[in-house]
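>>> this one's sequence-less:
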């Protein structure tokens, strides 16, 4: 049973790991599985349409599994209205090409849920790098959104409490930008859930297979 690393910025050659490598319009698409999108930190008003065309072109690549990371971030300097408009364009591409959406969200969870309720997308959404409280986690899951946890679960006590109290059928694990081995994240997650690591791997593989087409 393979490890699933749902979001990473680092390529891996580990034979027992399936990783989705995050890419941007101006970065090289790897020969392994990847996602592509315009991060709210990297929005260039003069480049938006051109970048979206690149994103859409790369969605046709067989190794492209998802759109993102994209999303909403209230603490970055990028105009928030522009962020919302661009996020909706990513949602449109997600629906058009039937690919899941990997989402970056900072202090904008209410808006994220409102947009989801308004647009009623069919394709799965995954909020990556989740490190907030149980109420926010429960609200996301209630609205059909998957949650991915990264290396923060190794030391964040509040996050560990969240993990102990959420269902397994809406979760993924990731390394994001860290060099932390995905196996370490799985091991800690399994300990927190008081489950065997093989059980956790099986569940996350089931979650993966339910939304990704390989």
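Good, I have the coordinates. Since this is a predicted model, take the numbers as computed values, not measurements.
>>> residue ranges with poor pLDDT in the protein?
For the chain, the stretches flagged by pLDDT under 70 are 28-29.
>>> which residue ranges form the helices in it?
48-58, 80-97, 109-119, 134-142, 157-164, 182-193, 197-211 (DSSP state H).
>>> List just the one of those helices that sits closest to residue 41.
Between residue 41 and the helices of the chain, the tightest spacing by CB to CB is seen for helix 80-97, at 9.9 Å. Where you see a C-beta, it was placed from the backbone N, CA and C, and this is true even at glycine.
>>> what does the closest one contact?
37-38, 40, 43, 45, 48, 52, 55-56, 59, 67-68, 70-74, 99-101, 111, 115, 119, 121-123 (CB atoms under 8 Å, 6 or more residues apart in numbering).
>>> Who does residue 148 form a beta bridge with?
residue 172 (DSSP bridges).
>>> That one against residue 6, yeah?
Yes. Counting by CB atoms under 8 Å, residue 148 touches residue 6, with 5.0 Å between them.
>>> Return every residue with contacts to both of the two.
Common neighbours of residue 148 and residue 6, using CB under 8 Å, 6+ apart, are 102, 126, 128, 172-174.
>>> still on that earlier bit, could you export the helices of the chain as JSON lines, including mean neighbour count and distance to residue 21?
Shown next, in JSON lines, are these (neighbours: other CB atoms under 10 Å; distance: least, CB to CB, whole Å):
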{"stretch": "helix 48-58", "mean neighbour count": "16", "distance to residue 21": "12"}
{"stretch": "helix 80-97", "mean neighbour count": "17", "distance to residue 21": "18"}
{"stretch": "helix 109-119", "mean neighbour count": "15", "distance to residue 21": "24"}
{"stretch": "helix 134-142", "mean neighbour count": "17", "distance to residue 21": "24"}
{"stretch": "helix 157-164", "mean neighbour count": "15", "distance to residue 21": "24"}
{"stretch": "helix 182-193", "mean neighbour count": "18", "distance to residue 21": "13"}
{"stretch": "helix 197-211", "mean neighbour count": "16", "distance to residue 21": "15"}
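>>> Turn those helices into a markdown table, including distance to residue 32.
Shown next, in a markdown table, are those (distance: least, CB to CB, whole Å):
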| stretch | distance to residue 32 |
| --- | --- |
| helix 48-58 | 14 |
| helix 80-97 | 19 |
| helix 109-119 | 28 |
| helix 134-142 | 28 |
| helix 157-164 | 28 |
| helix 182-193 | 14 |
| helix 197-211 | 15 |
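>>> I'd like to know which of these lies nearest to residue 33.
Using CB to CB, the nearest of the helices of the chain to residue 33 is helix 197-211, at 10.9 Å.
>>> so that closest one versus helix 182-193, what angle?
110 degrees (axes from the mean of the first three to the mean of the last three CA atoms, to 10 degrees).
>>> which strands and helices sit next to helix 197-211?
strand 3-8, strand 171-173, helix 182-193 (3 or more CB pairs under 8 Å, 6 or more residues apart in numbering; DSSP states H and E).
>>> What helices and strands are in contact with the second one?
Based on contacts counted as 3+ CB pairs under 8 Å, 6+ apart, the elements that strand 171-173 packs against are strand 3-8, strand 146-149, helix 182-193, helix 197-211.
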